[in-house]
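Engineer: I'll drop the sequence and a predicted model, then ask my questions.
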Amino acid sequence: MPMNKKTFIAALAVTAILISLVGMQSVEVAKANFIYPTTKPKLITNISSPANNSIYNQDKIRMIFRGEVLDWTDPIYGHLVPTEVYVSCYLDNKLLKTYSYSSSYFVYALENLTNGQHEAKVTMRCVYPGILVGGYDSSIVYFTIQTSTNTSSPTTITTPTISPTLTITPTPLLSPSPILTITAEPTLEPAQTPTQTSDGTQAADWTPVALVFAVVVAVAVAALVYLKRRRKP
């Protein structure tokens, strides 16, 4: 007996409803009995600057890094493409910035870095549709900052008191120093020529006589004074 049009449409509707119910039940069973992929997502992170175990003499460095998501094909789920990808950079475990994945090359300026060792870190995570597994990868480098500052504390300089010290250095006997010999030459004074008078006779030198006379007069005066003082009552 041929099926009329209304009966055919009703049969299709019932079949669609049954398929939907079976699909929903399958999703619930899949959630309750999740099957993990047999492979893992492939993510790559890399930090090219600063270089690992490097020393810098400035407080500003460009942090250059990249993150890349490779094609992922799982035997159970097939080819998987992430719907969300995030790349984050850290300095000394402090989050600096998180990027939405639109490029595999990133640059972040590190400024006002303090002296000492630092840790730079990059993480990358992604979310895949239909599965409960996400991808994750990270890279870490260590670097050191050594800069000289002009604001150092003043240093007190104590000037030591230096006492004069007499150091006597003996002169070796084998190599004596040259001796300076000073020779005093006698000075010849012209002899006094006796004074001659107009008639050609030599004038007598009265200097000793005058000296004796002055002494005698002084003694006599002193004696007279002494006697006058004694006569007074």
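Structural biologist: Received the coordinates, thanks.

Engineer: Count the residues that sit near residue 66.
Structural biologist: 18 (other C-beta atoms under 10 Å). (Glycine included, C-beta is placed from N, CA and C.)

Engineer: which residues touch it?
Structural biologist: 44, 45, 46, 48, 104, 105, 106 (C-beta atoms under 8 Å, 6 or more residues apart in numbering).

Engineer: So what sits opposite it in the bridge?
Structural biologist: Bridge pairing for residue 66 (DSSP bridges) gives the partners residue 46, residue 105.

Engineer: returning to that earlier point: just the buried members of the contacts of residue 66?
Structural biologist: Neighbour-count burial (16 or more other C-beta atoms under 10 Å) is assigned, among the contacts of residue 66, to 45, 106.

Engineer: Got the phi and psi for residue 98?
Structural biologist: Reported as degrees, to the nearest 10, the phi and psi values for residue 98 are phi -120, psi 130.

Engineer: which residues does it contact?
Structural biologist: 86, 87, 88.

Engineer: wait, doesn't the second one sit right on residue 106?
Structural biologist: Yes: Residue 87 is in contact with residue 106 according to C-beta atoms under 8 Å; the separation is 6.3 Å.

Engineer: Report the set of residues contacting both of the two.
Structural biologist: Common neighbours of residue 87 and residue 106 (C-beta under 8 Å, 6+ apart) are 65, 67, 99.

Engineer: and the second one, how many residues sit next to it?
Structural biologist: Pointing back at residue 67 there. Considering only other C-beta under 10 Å, residue 67 is surrounded by 27 other residues.

Engineer: try the one 5 residues further on
Structural biologist: For residue 72, the neighbour count with other C-beta under 10 Å is 20.

Engineer: Next one: it relative to residue 102, how far apart?
Structural biologist: The gap separating residue 72 from residue 102 is 19 Å, by C-beta to C-beta, to the nearest Å.

Engineer: In the protein, what helix or strand scores lowest on average pLDDT?
Structural biologist: helix 5-32 (a mean of 60; mean pLDDT, DSSP states H and E).

Engineer: hang on, the earlier thing: flag the least confident of the contacts of residue 66.
Structural biologist: Among those, residue 104 carries the weakest pLDDT, at 83.

Engineer: Hmm, that one is touching residue 67, no?
Structural biologist: Yes: counting by C-beta under 8 Å, residue 104 does reach residue 67; the two are 6.1 Å apart.
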